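Q: take this sequence and fold it.
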Amino acid sequence: TRGSHLSDWSDDCIRSTTSPQSHVDADGDGCDDATEDDDLDNDGIESAYDNCEGDPSSDWISTLASDFDSDGCEDSIDPDDDGDGVLDEDDNCPTSISVESDYDRDGCDDETEDWDDDGDGVPDVSDSCPLGLINWDSSSGNDIDGDGCMDSLEDDHVSGKMLHTLRSNAFMVLAVGSLTVLMFAGMVLSAQRGRRRHEFADQTWAVDESMRSEAPARPPTAEKQVRDLSDLGYSPEVAQAIIDNENNARQRRN
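A: Modelled structure (predicted):
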């Protein structure tokens, strides 16, 4: 109606007092960009809240489906779709509705979305330091008991000096382990020897009693005695020594 070459139905400022020749109207909505237009690219987001007004001639309209955070930037080119300050490439919750607190800056709300507030890999329900150090991952090398507390800086239950010694001296770890195995093997061997000595004494007494009670007319042969003692676990040499001792003792008694 004022010579803007726009019909009234497509002119957002049909009552404008400025002439078309004296104003700039980049989006072609009939409103002077400097004094009348509060949405310079006409995408439905006011310029004061629009982060992407680089192409005023675009016919794109902001919707919840295409512009999740209503910042005037199409999600396909928006580096931060939910507008929480964490770029999508680093955001574990890229379409959060609202982020009130985010301790580890992973883009997830601590109260409603984040199961690991400090991002160390240990769930909050099992983490003794749920709001502890960030930018580290719990492992057997830095959190030996897996409680979510860094051994060297947070964990009072683990000796830092002991951990450093064990982790930095593989030879010592091997030596301690080997010594433990040898001590255990020695204890087992000692117990077995004691048991054998006890059995040896019992069997010697049994042989002596047997020789005393048997009729002298039918003495067992030396070979049979050796076999009998060998069956009890004695070596042939030890068995022969036992028999010789018994024979000598018998001769002295006679």
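Q: need the pLDDT of Ile246.
A: Actually, residue 246 is Glu rather than Ile. Glu246 is assigned 79 on the pLDDT scale.
Q: where does it sit: helix, strand or coil?
A: Of the three states, Glu246 takes helix under DSSP: H, G, I helix; E, B strand; the rest coil.
Q: so it versus Ser139, what's the distance?
A: Glu246 sits 68 Å away from Ser139, going by CB to CB, to the nearest Å. (Each C-beta comes from the backbone N, C-alpha and C, glycine too.)
Q: the two: which is more packed in?
A: Applying other CB atoms under 10 Å to Glu246 and Ser139 shows that Glu246 carries more neighbours, namely 16 against 11.
Q: ok, that one to Asp143 distance?
A: In terms of CB to CB, Glu246 sits 68 Å off from Asp143.
Q: ok, which stretches of this structure are helices?
A: Secondary structure of the chain by DSSP state H: the helices cover 160-168, 170-213, 222-231, 236-253.
Q: what is the burial count for Ser235?
A: Ser235, neighbours per other CB under 10 Å, totals 10.
Q: next: Gly141.
A: That count, for Gly141 with other CB under 10 Å as the rule, works out to 10.
Q: likewise Asp124?
A: Burial of Asp124 is recorded as 14 neighbouring residues (other CB under 10 Å).
Q: so what pLDDT did the nearest residue to it once chain neighbours are set aside get?
A: Nearest non-adjacent residue to Asp124, counting by CB to CB, 6 or more residues apart in numbering: Pro130, 4.6 Å away. Each residue has a pLDDT score; the one for Pro130 is 94.
Q: give the burial count for Pro130, as a bare number.
A: 18.
Q: looking at it, it is touching Cys149, isn't it?
A: No. Counting by CB atoms under 8 Å, Pro130 sits too far from Cys149 to count as a contact (9.8 Å).
Q: identify the residues contacting Trp136.
A: 120, 142, 150 (CB atoms under 8 Å, 6 or more residues apart in numbering).
Q: try 6 Å this time
A: Asp120 (CB atoms under 6 Å, 6 or more residues apart in numbering).
Q: offset the numbering so it begins at 501, please.
A: Shifting the count to begin at 501 puts that one at Trp636.
Q: distance check, it against Asp643.
A: 9 Å.
Q: and what of Pro630?
A: 14 Å.
Q: can you get me a residue count around Gly572?
A: With other CB under 10 Å as criterion, Gly572 counts 22.
Q: got a list of what it touches?
A: Contacts of Gly572 (CB under 6 Å, 6+ apart): 543, 545, 550-552.
Q: buried subset of these, written for PyMOL?
A: The PyMOL command for the buried members of the contacts of Gly572 (criterion: 16 or more other CB atoms under 10 Å) is given here:
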select buried, resi 543+545+550+552
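Q: for the contacts of Gly572, which one is nearest Leu587?
A: Asn551 (13.8 Å; CB to CB).
Q: so what's Trp615 closest to, chain neighbours aside?
A: Closest to Trp615 by CB to CB, 6+ apart is Pro623, at 5.4 Å.
Q: and for the one you found, the neighbour number?
A: 12.
Q: look up how far Ala739 lies from it.
A: If you measure Pro623 against Ala739 using CB to CB, the figure is 67 Å.
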